[in-house]
Every structure is written in structure tokens, then in C-alpha cells.
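K.L.:
generate coordinates for the sequence data below:
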Amino acid sequence: PKKALERDKAEVRPEQRQAGRAGEGSEAALTSRGCRRRRWGTCSEAASRRRPRCHRSERKPKAGGGQRERRERVPTRCPSAREKHVREAILAYFAVDPVAASIMEIHTFNKDRERVRAGVETMARYLDNIYVHPEEEKYRKIKLQNKVFQERISCLEGTHKFFQAVGFETKVLAVPEQEEYYVLKEEMLTRLEDLKDYKEQLLSSEPVRAQLDRQLSVFKPSPAAAHFELPNDFYNLTAEEIKREQRLRSEAVEKASMLRTKAMRERDEQRELRKYNYTLLRVRFPDGYILQGTFYARESISMLYSFVREALVNDWLPFELLGPGGVKLTDENLAFSECGLVPSSLLTLVWDASVMADIQAAGEEQPESPLKPQLLSQVQTLS
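P.N.:
A predicted model of the protein is given here:
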């Protein structure tokens, strides 16, 4: 064995030994070290035994070539609060319309869009065959262990609920031996048009997206307009993490006084902004009234402009929004998190001066408040 090891060592070229010493890890150098350390079989066997769980097809090559391939660990992604709300809403909808709910489940909970497309097209063909050939019994039975069914349909979340909702039931048939099938109920043959509608719904549906409730509010003029009390779900943190962040804010003041590069400051700012899910924005009008709404932290400024415009009596009136410090929010494509408007901010609305001058010169009568009457009827007082 000693001679064999010496022979293996001699086969490693000088540049490979140098790469091994430098930690660059060429395959020959790493393999030779593996033989000397473990003393089993050939170098290639030693290399393969050191990574018993990583199949070659699962390894991802690194750029540059010649280096040992490593398997990357992909972290498990936890569902966000938004995704949990969507799931709860869809599951609750099963009590109202199980067919529609199962279709929403298929399109929403399965993230591989190509796999979803292949699956729903196959399911649609099952229904279409029944609709076109209702007298053919073979089209009313689906073998659950069928290879196509297993690879395209059974692997998708919500598909079994769909078949049950549209009228299939599970039966064990002796053809030629005991096997499980989906069999269409006899009464569904009198509702073929329903099957056709289900097929169209299945093919035309899209994933369900959560729509944020803006929680629109209007407040009377108040000196407390810049004072915000935010719920914990505004933060992308746990309650314990929020407390820790509040404790560390004093350190941020000290850090701000230190000499730091622009890149360091920007990196810290971006890290800070990622802590927030939502932002609470207030827009103060020239008459002092305040319009408030809730937004996702990564929504664009254009959503705020649309929100304000929808609240106006005359939505054609041009206006500008000024952020803290009087900065004009001119780029409507920027996200709130990119403009420093998270987790809350008080903005000021300014009318276009030239347009307002023309209106006054024309003697046109303006409403007492620019906000819609139905909003003013629900005005509140900031405490």
C-alpha cells in the first residue's frame, strides 16, 4: 500500500501540488490527498466516497472550469404573510364554490408555471374527451397510476380536489387487477355543458394575487399629522426583533457621526429598508386636511399619485407631491423604499400654480374641499 500511495503521489504534477497547497483545489490534487488520508481504493473511488450524497447530475459546475464541482444548498423559502392570507382565503372559498377554489389552488400554489400549463392541458383533454364522446365509457375512467397522470397531474397541488369537485369519485376496479381509478359519476352525463365550462375555467385562470386594503382615511387638520403609531405587521421582523431594533437605534446615532464611505451608508440604508413590509402615508392638502393610505413598501410612487387622484372631486387637476424636506417626488417609477418613505411618511400636496391661476382668472367656482364629499362625511380626528 505504501508503494501504491507513493505512485499516486508521483503522478500528481508539480503545478497540481502547488494548487493544492494554495487551496485552489484542482481535482487531481484533492483526489491525491483523499487517498493519502483515507487509504482506500483508487483516487477516483476515494473522491466519490467523500461525497456519497451528491449525485453527479446534481452538481453545478463553477465558472472557469478545472475546479471541483460543489453542490449548492438551497434554503427553504418560508411563505410570506401575504401568501398565507391568500391560502386561507382560497381554502375558505371551497365552502362556496369547490370547483373555482380548486382551480385557484392549482394556479396559485404551484410555482412552476410550465408544469402547471402541462398539467391543466392534460386535465382539460380528459374533460374534452368526455364532452365529445359521452357514450365512450373508457373516457370516463382515469387510471391513477397511469404514468402521464402521475408525472403531469398528481404532482400538482389541488388537482385531486378538482377532479372530485367536477364529479369524479375514486373506485377500485379489477381491470385486469385491483387498481384505483377516478370514475365520472353517471349524473354528470346530464351536465356535459358544466364539464365544458369547468374546462374553460381551468385553462383561462391565472394565479390569485393579494390586493392590499388601502384602509383609506381622512383626517381634519392636526398638529399630530407627523406622529405615527404602526402595528407590528408593518415590520418584516418578529416582536422580539423589533424590540432589539429599537434598542440598537441609539447605536445608529453614534454610527452616523463616524466617518463612512458613501457605499457603506447606502448598504446600511438598504439593509434598514428591507425590514419593512408596508408603509403608512399621509398626504396633507393646502387646506390642512389629510388623506391617509397603506401601501406595500416596494410599490411605486405612481400608486400614491393614483390613490390621491381617485380621492379628488376634480381628478384632472395637476398636482405634485413633496416628501420630507420639500423634495419633489417626480420619478413615479421609484419604490417607496427607495425614496425613504418607509415605514411611514407625511407628504404635502401642491397644486400646479399656472393651472390654478388660469382657473381663478376664468372665475370658475371651486368646491369647498378638493376631496370627494363621501370621504369628507367620514372625516376623523387624529389623536
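K.L.:
what sits against Thr381?
P.N.:
219-220, 222 (C-beta atoms under 8 Å, 6 or more residues apart in numbering). All C-beta spots, glycine's among them, are computed from the backbone N, C-alpha and C.
K.L.:
if you set the cut-off to 6 Å instead, what comes out?
P.N.:
Applying C-beta atoms under 6 Å, 6 or more residues apart in numbering to Thr381 gives the contacts Lys220.
K.L.:
same deal with Lys141?
P.N.:
So Lys141 contacts 181, 183 (C-beta under 6 Å, 6+ apart).
K.L.:
that one pairs with what?
P.N.:
Note on Lys141: beta-bridge partners Val183, judged by DSSP bridges.
K.L.:
likewise Glu169?
P.N.:
Val183.
K.L.:
test for you: state the pLDDT assigned to it.
P.N.:
Looking at Glu169, its pLDDT is 97.
K.L.:
and it, how far is that from Ala297?
P.N.:
Computed as C-beta to C-beta, to the nearest Å, the Glu169 to Ala297 distance reads 47 Å.
K.L.:
then Pro318?
P.N.:
Applying C-beta to C-beta, the value for Pro318 to Ala297 is 27 Å.
K.L.:
the strand or helix carrying Thr294 packs against which elements?
P.N.:
Per DSSP states H and E, Thr294 falls inside strand 290-296. When contacts are defined as 3 or more C-beta pairs under 6 Å, 6 or more residues apart in numbering; DSSP states H and E, strand 290-296 sits against strand 217-219, strand 278-284.
K.L.:
neighbouring strands - and their directions - for it?
P.N.:
The strands that strand 290-296 pairs with in its sheet are strand 217-219 (antiparallel), strand 278-284 (antiparallel) (by DSSP bridges).
K.L.:
which residues does that strand contact?
P.N.:
By C-beta under 6 Å, 6+ apart, the residues outside strand 290-296 that reach it are 214-219, 225, 278-284, 307, 311.
K.L.:
and these, which is closest to Ala118?
P.N.:
Ala118 lies nearest to Tyr278 out of those, by C-beta to C-beta, at 36.6 Å.
K.L.:
the closest one pairs with what?
P.N.:
For Tyr278, the beta-bridge assignment (DSSP bridges) gives partners Tyr296.
K.L.:
still on that earlier bit, for the helices and strands packed on strand 290-296, which one sits closest to Gly326?
P.N.:
strand 278-284 (12.5 Å).
K.L.:
quick check: Tyr305 vs Asn333, distance?
P.N.:
11 Å.
K.L.:
and the two? Which one has more around it.
P.N.:
The residue with more neighbours, out of Tyr305 and Asn333, is Tyr305; 16 against 8, by other C-beta atoms under 10 Å.
K.L.:
and the pLDDT at that one?
P.N.:
Per-residue confidence (pLDDT) for Tyr305: 97.
K.L.:
need the winner for burial among the strands paired with strand 290-296.
P.N.:
Across the strands paired with strand 290-296, averaging neighbours per residue (mean count of other C-beta atoms under 10 Å) puts strand 278-284 on top, at a mean of 22.
K.L.:
picking up where we left off before, out of the contacts of strand 290-296, the closest to Ala174 would be?
P.N.:
Using C-beta to C-beta, the contacts of strand 290-296 come closest to Ala174 at Tyr278, 58.4 Å.
K.L.:
counting by contacts, list what the one helix or strand Val120 maps to packs against.
P.N.:
Under the criterion of DSSP H and E, Val120 resides in helix 113-132. With contacts taken as 3+ C-beta pairs under 6 Å, 6+ apart, helix 113-132 sits against helix 192-204.
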